[in-house]
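>>> coords please:
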Amino acid sequence: MRRRKPFSIRRLGIRAPARSISNLSTLTVSAEGLRDLVVKALDDRKANQIKVIEVTTLTDVTDYMVIASGGSLRHMRSLVDQVMESAKGQGFEILGVEGLPYGDWTLIDRGGVVVHVMKPEARGFYELERLWERIDDPEV
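Numbers count the residues shown, from 1 in each chain. Below is the predicted model of the structure:
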């Protein structure tokens, strides 16, 4: 009988975050620092309705979700560029960017922080804040 190779994220071609999981307190501090950096970058470019949701107890995927709106396609791209450049400048790795060419909703995966930059119409339609708050509600 053939033995299977152990599961490896390298085998799947996925790059692991540039942080050490062995030191959990460092992980939390870097996620909080990245969260603050992202919020400042969004605020510098005049993002609308910036909302930070802590999801550490709800999911293992990320520690924080930051949701913001932009007034136009150009404003949204400016917000995304600012978030990517500011975090890169501080040595944080970008794990993925989705939706940039389409414009209604762009997701930036920074590991400990996932950033959603959305048009107000898309934000109202998907209601991510309500979705994550309902997960946290014990009555649901």
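
>>> ok but residue 100 is inside a strand, no?
No: looking at residue 100 with DSSP: H, G, I helix; E, B strand; the rest coil, it is coil, so not inside a strand.

>>> buried set for stretch 55-63?
For stretch 55-63, a neighbour-count test (16 or more other CB atoms under 10 Å) marks 55, 62-63 as buried. Where C-beta positions appear, they are placed from N, C-alpha and C, glycine not excepted.

>>> and those, which is closest to residue 111?
Nearest to residue 111, judged by CB to CB, of these is residue 62 at 7.2 Å.

>>> ok, and the closest non-adjacent residue to the closest one?
Excluding its sequence neighbours, the residue lying closest to residue 62 (CB to CB, 6 or more residues apart in numbering) is residue 114, at 4.6 Å.

>>> so who does that neighbour touch?
Applying CB atoms under 8 Å, 6 or more residues apart in numbering to residue 114 gives the contacts 61-62, 64-66, 107-108.

>>> next one: it, what pLDDT does it get?
Here the pLDDT value assigned to residue 114 is 93.

>>> against residue 127, how distant is residue 109?
Noted for residue 109: a distance of 21 Å to residue 127, by CB to CB, to the nearest Å.

>>> pick out whichever of those two has more residues nearby.
residue 109 (17 against 11; other CB atoms under 10 Å).
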